[in-house]
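Novice: Sequence below, structure please.
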Amino acid sequence: MTSSEPPPSLAFSTVIAPLLSKFTKEQSKSLRDAFVYAEKQNPGFMHDFVAGVIQNEDMTEILLRLGSTECAEYLISSNIELHAQLNMKAQCLRLLLSSIPDQIKVRSIFLQTIKDIAQSIKDLLNCVNNFYQSNTNNPAVMQNKRLFDHHKKNFVRCSKAFSDSLRNFFKDDQPSIVFLSANKLITQTNVLMRTIKIITEKG
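Specialist: All right, here's what the predicted structure looks like:
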């Protein structure tokens with residue numbers, strides 16, 4: 001991503017961005033730029049800012065519950081069917097992950113949710129691969145191939161880390177590690193979608 005792009009932050013996409021949408025375009029841009037600058041100067045600023053507003057120590061769970069909040073920063077123009085599918089698959093995964101705090105309380109329901117998440121990850125990856133294969137003649141895609149591959153690999157790593165957190169949960173019965181890992185997977189989903197959005201806008 002370029003230096004002008006917003007940092008990947010669930011606090012930004014789930015809390016700050018929806019608030020900015022209530023302001024005028026000019027006000028929103030000024031406030032957004034201020035938040036982005038503060039985050040770049042002090043990584044974690046947005047998270048700490050939202051934590052201060054919410055004043056709740058269970059910030060990880062709160063952000064996870066809000067993780068399915070749609071944010072324009074990560075929405076690709078849906079005038080092409082494949083782009084619409086990417087938006088849909090990414091949002092489906094976010095919705096499933098954000099439901100974990102409720103689903104985790106009942107083992108049978110949670111096991112089904114885990115299966116649904118695994119399928120959703122697979123579906124999104126297939127859609128991402130289709131995007132790349134369909135755009136091999138697009139200069140913008142090829143010029144950003146390294147960036148695209150980097151974030152795709154990070155998404156896969158986060159998916160594997162999420163699976164590991166589930167195994168630990170069934171051993172230790174500590175949901176907080178699952179919540180944190182799910183938050184990271186949502187964040188990486190957003191990063192991947194933002195990367196594709198940047199590429200499509202360049203094309």
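
Novice: Show the low-confidence segments of the chain, by residue range.
Specialist: Along the chain, the parts satisfying pLDDT under 70 run over 1-28, 31-32, 35-36, 41, 43-44, 46-57, 203.

Novice: nearest spatial neighbour of Gln103, skipping sequence neighbours?
Specialist: Leaving aside its sequence neighbours, Gln103 sits nearest to Thr113 (Cβ to Cβ, 6 or more residues apart in numbering; 4.4 Å). For the C-beta atoms, the positions are set from N, CA and C on the backbone; glycine is no exception.

Novice: Could you do Pro175 as well?
Specialist: Nearest to Pro175 is Ile104, by Cβ to Cβ, 6+ apart, at 5.4 Å.

Novice: Ramachandran angles for the one you found?
Specialist: Here is the backbone geometry of Ile104 (degrees, to the nearest 10): phi -70, psi -20.

Novice: pretty sure it is in contact with Ser176, am I right?
Specialist: No: using Cβ atoms under 8 Å, Ile104 is not in contact with Ser176; the gap is 10.6 Å.

Novice: which of the two has more neighbours?
Specialist: Taking neighbours as other Cβ atoms under 10 Å, Ile104 and Ser176 compare with Ile104 leading, 19 against 12.

Novice: List the contacts of that one.
Specialist: Counting by Cβ atoms under 8 Å, 6 or more residues apart in numbering, Ile104 touches 110, 169, 175, 178.

Novice: Out of these, who's the most crowded?
Specialist: Busiest of the contacts of Ile104 [other Cβ under 10 Å] is Val178, holding 23 neighbours.

Novice: Now that residue: which helix or strand?
Specialist: In the assignment (DSSP states H and E), Val178 maps to helix 175-202.

Novice: what distance separates that helix from the centre of its chain?
Specialist: Between the centre of helix 175-202 and the centre of its chain there are 3 Å (Cα atoms, centre = their mean, to the nearest Å).

Novice: now stretch 173-187
Specialist: Put simply, stretch 173-187 sits 13 Å off its chain's centre (Cα atoms, centre = their mean).

Novice: Stretch 162-172 now?
Specialist: Put simply, stretch 162-172 sits 21 Å off its chain's centre (Cα atoms, centre = their mean).

Novice: just checking, what packs against the strand or helix carrying the residue nearest to Gln103?
Specialist: Here Thr113 sits within helix 107-134, counting by DSSP H and E. Here helix 107-134 touches helix 81-98, helix 100-103, helix 145-172, helix 175-202, going by 3 or more Cβ pairs under 8 Å, 6 or more residues apart in numbering; DSSP states H and E.

Novice: quick one, which of these is packed in tightest?
Specialist: Here the criterion is mean neighbour count by mean count of other Cβ atoms under 10 Å, and of these the winner is helix 175-202, at a mean of 21.

Novice: Taking their axis directions, it and helix 81-98 sit at what angle?
Specialist: 160 degrees (axes from the mean of the first three to the mean of the last three Cα atoms, to 10 degrees).
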